[in-house]
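Student: A structural model of the following input is requested.
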Amino acid sequence: MLQVLNILHIFNDGFQASILLLLPFIAKEFHANLTLVGLLGTVMNSLQIILALPAGTLSTRFGGLRVLLFGGLMSALGFIGIGAGSTFYWLVPLFMIAGLGFGLYHPIAFALVAKLSKKESRGNVMGAFTAVGDIGRIGLSVLITFIIIKIGWRNTAMLYGIIGMLVMFFFWKRLIRMPKVHSTSEKRSLTHMRWTTIVTILRNKQFVLANASGMFDSFASSSLFIFLPFLFLAKGIDLSLLGLVTSTFFVGNIVGKYVLGSLVDWFGNVKIFAITQLCMAMSIVLLTYADSYIFLIFFAVVLGALTKGTVPVLQTMVAESVEDQPYFDHAYGVAALLMGSAATVAPLILGYISDQYGIYFAFYISAIFALLAIIPSLQYSKNIKLK
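Tutor: Now for the predicted structure:
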């Protein structure tokens, strides 16, 4: 099962990164400002909120793999529709359709990986799993701007959509009969998420604190890649090299997820999280001051490692806070809802700030939120020790 989830992770994250690299070309053709660019990021991320709670129910009722393949198919159809879009506002629902698969994938996949891994090695397993997705981010995002220069962004979007559909159909035919993670009794108990379950989850103070840290972190880091291409363009990066330069951010993602995920098992999740957030804030500021290609790439790699390196760290905090609880799977749905809320509003807010005060100021705001993420994590640590 882990091998299948890893392969699907490559395509999910690769397509999610690639669709964002369409934004500079879309903005140019439709004369859209950064507030409107942020709107597209917001509507795409909004599916994380809409699907966060039902994701666990859908997974247990229909099977996690079936739901993930359906979501991947919707994302592929979104790409095709975007390529055919005639007006900017026609792209809004299509970005939402594309975001369907992205919104479904992580809450379901993280819960499955957490259940399939042992507590003492969960940080390492979660780090390896999250890093695998960046293989797709690097490969597909490096290619997309070169392809766009050759055949245009519309044809490229359609090409990616067709490839995505073929991949999902392939897995549907060959890999749909996988071992089930949930037993029949677990299915009966997990199928329905009632409001009482949500209230019970939110009464868990450690869970709330872990997610408070995650929300600040998500606001700081989730939108960086949306606006990173625009920052690089403001610094004079050639349009055809945009995918290559921004892909260095994903190289950092892989390093960060593997390294930080492993360090959790050695030093504890809170200590690693707090140090990472402090370094993240510093790196965001230094990136805005970098001018040469060498320094831009260096800080993009470092920032990539720090921003996405927190993903396995936060997932271990969530798992630790609800260890051995009957609502384990649904807790990941609530966590996706909370962290997804921050990821959803961030692009629109930061896009507006960029238009009003400049893109550099938006990056400074992200740095402040990275520092704020440390505060609830320290309280989380105190409560865990008292348990």
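Student: Output stretch 276-292 in PDB with nothing but the alpha carbons.
Tutor: This file holds the C-alpha atoms of stretch 276-292, laid out as PDB (Å, rounded to 0.1, in the frame of the first residue of the first chain):
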ATOM      1  CA  THR A 276      12.900  25.300  11.800                       C
ATOM      2  CA  GLN A 277      10.400  28.200  12.100                       C
ATOM      3  CA  LEU A 278      13.000  30.600  13.400                       C
ATOM      4  CA  CYS A 279      15.400  29.700  10.500                       C
ATOM      5  CA  MET A 280      12.400  29.900   8.000                       C
ATOM      6  CA  ALA A 281      11.700  33.500   9.000                       C
ATOM      7  CA  MET A 282      15.300  34.500   8.600                       C
ATOM      8  CA  SER A 283      15.500  32.700   5.200                       C
ATOM      9  CA  ILE A 284      12.400  34.400   3.800                       C
ATOM     10  CA  VAL A 285      13.900  37.800   4.600                       C
ATOM     11  CA  LEU A 286      17.300  37.000   3.200                       C
ATOM     12  CA  LEU A 287      15.700  35.700   0.000                       C
ATOM     13  CA  THR A 288      14.200  39.100  -0.700                       C
ATOM     14  CA  TYR A 289      17.600  40.700  -0.400                       C
ATOM     15  CA  ALA A 290      19.400  38.200  -2.700                       C
ATOM     16  CA  ASP A 291      20.200  39.500  -6.200                       C
ATOM     17  CA  SER A 292      22.500  37.000  -7.900                       C
END
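Student: By mean pLDDT, flag the weakest helix or strand of the chain.
Tutor: Across the helices and strands of the chain, the lowest-confidence element by mean pLDDT, DSSP states H and E is helix 184-190, at a mean of 46.
Student: Show me where the protein dips below the pLDDT cut-off.
Tutor: Applying pLDDT under 70 to the chain flags the ranges 48, 52-53, 56, 119-120, 122-123, 175-195, 240, 324-329, 383-387.
Student: how close does the nearest residue to residue 103 once chain neighbours are set aside get to residue 93?
Tutor: Spatial nearest neighbour of residue 103, excluding adjacent residues (C-beta to C-beta, 6 or more residues apart in numbering): residue 47 at 3.2 Å. C-beta: built from backbone N, CA, C; applies to glycine. Residue 47 is 11 Å from residue 93, where distance means C-beta to C-beta, to the nearest Å.
Student: if you count what's nearby, which of the two comes out ahead?
Tutor: The neighbour count for residue 47 versus residue 93, taken as other C-beta atoms under 10 Å, is higher for residue 47 (24 against 13).
Student: you'd agree that one is up against residue 95?
Tutor: No: in this structure residue 47 lies outside contact range of residue 95 using C-beta atoms under 8 Å: 9.5 Å.
Student: so the residue nearest to residue 103 is in which element?
Tutor: Element membership for residue 47, per DSSP states H and E: helix 34-62.
Student: before we move on, the earlier item: need the contact list for the residue nearest to residue 103.
Tutor: Residue 47 is in contact with 96, 99-100, 102-104, counting by C-beta atoms under 8 Å, 6 or more residues apart in numbering.
Student: so which of the residues you listed comes closest to residue 163?
Tutor: Comparing the contacts of residue 47 against residue 163 with C-beta to C-beta places residue 102 closest, at 16.4 Å.
Student: Tell me how far that closest one lies from residue 50.
Tutor: Taking C-beta to C-beta, one finds residue 102 at 12 Å from residue 50.
Student: Many thanks, we can stop here.
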